[in-house]
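Asker: Curious how this folds, go ahead:
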Amino acid sequence: MAEKTTFQLVFGNSPTVKVLDFLIDNQEFDYSLTDITKGAEIAWSTLHLLWPELVKLNIVINTRKIGRADLYKLNKE
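Answerer: Numbers count the residues shown, from 1 in each chain. Prediction:
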């Protein structure tokens, strides 16, 4: 089990915080949802519960599509 980051110590250890922490640390790249679940260390089903809200709030943006996989990254704006 990985240590908590400073971001997680301040904002908590919820799945949403884990996803945001992963995307902030890796903001120069875009990731598939599978990569995000692995990097954030959360379950696939959990990501699918919170992901629509992150997209709706424009926190993450769809950058491109490779095959059937959509890739996303943190919206810096």
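Asker: Can you name the residues that contact the spatially closest residue to V19 that is not a sequence neighbour?
Answerer: Closest residue to V19 apart from its sequence neighbours, by Cβ to Cβ, 6 or more residues apart in numbering: A40 at 4.7 Å. (Each C-beta comes from the backbone N, C-alpha and C, glycine too.) A40 is in contact with P15, K18, V19, D21, F22, L47, counting by Cβ atoms under 8 Å, 6 or more residues apart in numbering.
Asker: Just the pLDDT at A40, thanks.
Answerer: As predicted, A40 sits at a pLDDT of 94.
Asker: From the contacts of A40, pick the one nearest I66.
Answerer: L47 (18.3 Å; Cβ to Cβ).
Asker: tell me the SS of the closest one?
Answerer: Three-state call for L47 (DSSP: H, G, I helix; E, B strand; the rest coil): helix.
Asker: Report how many residues lie close to it.
Answerer: Per other Cβ atoms under 10 Å, the neighbour tally for L47 reads 19.
Asker: so it makes contact with L33?
Answerer: Yes: counting by Cβ atoms under 8 Å, L47 does reach L33; the two are 6.1 Å apart.
Asker: you'd agree L20 is up against F7?
Answerer: Yes: if you go by Cβ under 8 Å, L20 and F7 touch, sitting 7.5 Å apart.
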